[in-house]
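Asks: can't give you the sequence, but here's the structure:
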């Protein structure tokens, strides 16, 4: 075979990737690059723009509202990622060990929040958190009088939003971990029981080391969900009361479309993208080192 024919044959597989690369570039890379470009200008979204280079980023470092939004996003990581990981791990271990009748229905109910539109979730929880809502009614049945509007209290609003995130993500984390646990050979558990190991020892010495890849995947997915939260905040609190629940994704929308400061909104979007990338690269590196 001629050398030119060999080169041509090797190039053929890359041709099949070309349509996908074009779509990827047009709908992802190009908007990202344009956003980075907009972040270097002072522009209201129409008319002339002014080149300001990195001034938008410098302003963010002095902007207390933006720093609060970053702090709130990091707080939501606890509710979206860490708590679901802890609870999901325990639930998955129980379901794997139990093997009782009706477990399929139980799994479906725990995973159900993942298939409900976030707008519907937000409206439902807004009613639950209302002063006359379900939560205060339940507390009244328990003998605790409460007429608090949970989403209207600055000290409680972020925790209330975070708990909704916990409710949303726990089922997803549980199913991911359960899939990993189901791959563990039964012989390992039988050998551990012959050695006198109880459920707690089985959990820490067999289950936890076996699902490290699933743990890393769960953290990546849930951390991304926490950092890009927009629908839930927009529909429940709109960043309020005051700035108690504002998050970076909401700040992008608020600055670019409400305040007509596209440059500042784009700078927030770029910082958020970098933050998501750095945190998830770190999680993946930790997961790979521990395998």
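Replies: Now that the structure is in, tell me what you want to look at. Just so it is clear, the model here is predicted, and its values are computed rather than measured.

Asks: where in the stretch 51-200 of the chain is pLDDT low?
Replies: Applying pLDDT under 70 to the stretch 51-200 of the chain flags the ranges 98-103.

Asks: And the helices in it?
Replies: 55-61, 64-77, 83-98, 103-111, 118-128, 134-141, 157-181, 186-194, 199-202 (DSSP state H, counting those that start in this stretch).

Asks: Do I have it right that residue 222 meets residue 84?
Replies: Yes: between residue 222 and residue 84 there is a contact at 6.0 Å, judged by C-beta atoms under 8 Å. Backbone N, C-alpha and C define where each C-beta goes, glycine included.

Asks: Most tightly packed of the helices of the stretch 51-200 of the chain?
Replies: helix 157-181 (a mean of 21; mean count of other C-beta atoms under 10 Å).

Asks: Can you list the neighbours in contact with the helix or strand encompassing residue 215?
Replies: Here residue 215 sits within helix 212-227, counting by DSSP states H and E. For helix 212-227, contacts defined as C-beta atoms under 8 Å, 6 or more residues apart in numbering pick out 73, 76-77, 79-81, 84-85, 88-89, 165, 168-169, 172-173, 176-177, 179-180, 248-249, 272, 275-276, 279-280, 283-284, 286-288, 290-291.

Asks: repeat for stretch 149-156
Replies: By C-beta under 8 Å, 6+ apart, the residues outside stretch 149-156 that reach it are 126, 129-131, 135, 148, 157, 160-161, 236-237, 241-242, 244.

Asks: Determine which two of those residues are furthest apart.
Replies: Pairwise distances across those (C-beta to C-beta) peak at 22.0 Å, for the pair 135 and 242.

Asks: centroid residue for this structure?
Replies: Centroid check for the chain by C-alpha atoms, centre = their mean gives residue 225 as the closest residue, at 1.6 Å.

Asks: how far away is that one from residue 148?
Replies: 27 Å (C-beta to C-beta, to the nearest Å).

Asks: residue contacts, residue 164?
Replies: 121-122, 125, 232, 236.

Asks: Can you tell me how far it is from residue 31?
Replies: For residue 164 relative to residue 31 (C-beta to C-beta), the value is 29 Å.

Asks: before we move on, back to that, hey, what's in contact with both of residue 222 and residue 84?
Replies: In contact with both residue 222 and residue 84: 169, 172-173, using C-beta under 8 Å, 6+ apart.
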